[in-house]
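# Coordinates only, no sequence provided:
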């Protein structure tokens, strides 16, 4: 009976170590995924800013052409 309990205890301890490692690896993976997500969000925000600047320049050029041809 004592061997059975000792074996069961060892199995539980091994399982605890494995699960702890899985949690640590999962957290590290989540952190990397969040960092990647934020980089993509930042790039999309930058593209939005560039698009707005291009649209503003095109509008300014169109107004300049209209005023210049008057």
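Happy to help now that I have it. Owing to the predicted nature of the structure, the values given are computational and were not obtained by experimental measurement.
# contacts and neighbour counts: CA atoms only from here.
Fine.
# Read off the pLDDT value for residue 70.
Looking at residue 70, its pLDDT is 61.
# Kindly report the same for residue 7.
For residue 7, the predicted pLDDT is 97.
# does it sit in a helix or strand, and which one?
According to DSSP states H and E, residue 7 maps onto helix 2-68.
# what separates residue 43 from residue 58, distance-wise?
Applying Cα to Cα, to the nearest Å, the value for residue 43 to residue 58 is 22 Å.
# Kindly apply the preceding question to residue 1 instead.
Taken as Cα to Cα, the span from residue 1 to residue 58 is 84 Å.
# which of the two has more neighbours?
For residue 1 versus residue 58, the count of surrounding residues by other Cα atoms under 10 Å is larger for residue 58: 12 against 6.
# just checking, what packs against the helix holding residue 7?
Helices and strands in packing contact with helix 2-68 are not found; criterion 3 or more Cα pairs under 8 Å, 6 or more residues apart in numbering; DSSP states H and E.
# gap between that helix and the chain center?
1 Å (Cα atoms, centre = their mean, to the nearest Å).
# same deal with stretch 52-70?
Per Cα atoms, centre = their mean, the centroid offset for stretch 52-70 relative to its chain is 38 Å.
# which other residues reach it?
For stretch 52-70, there are no external contacting residues (Cα atoms under 8 Å, 6 or more residues apart in numbering).
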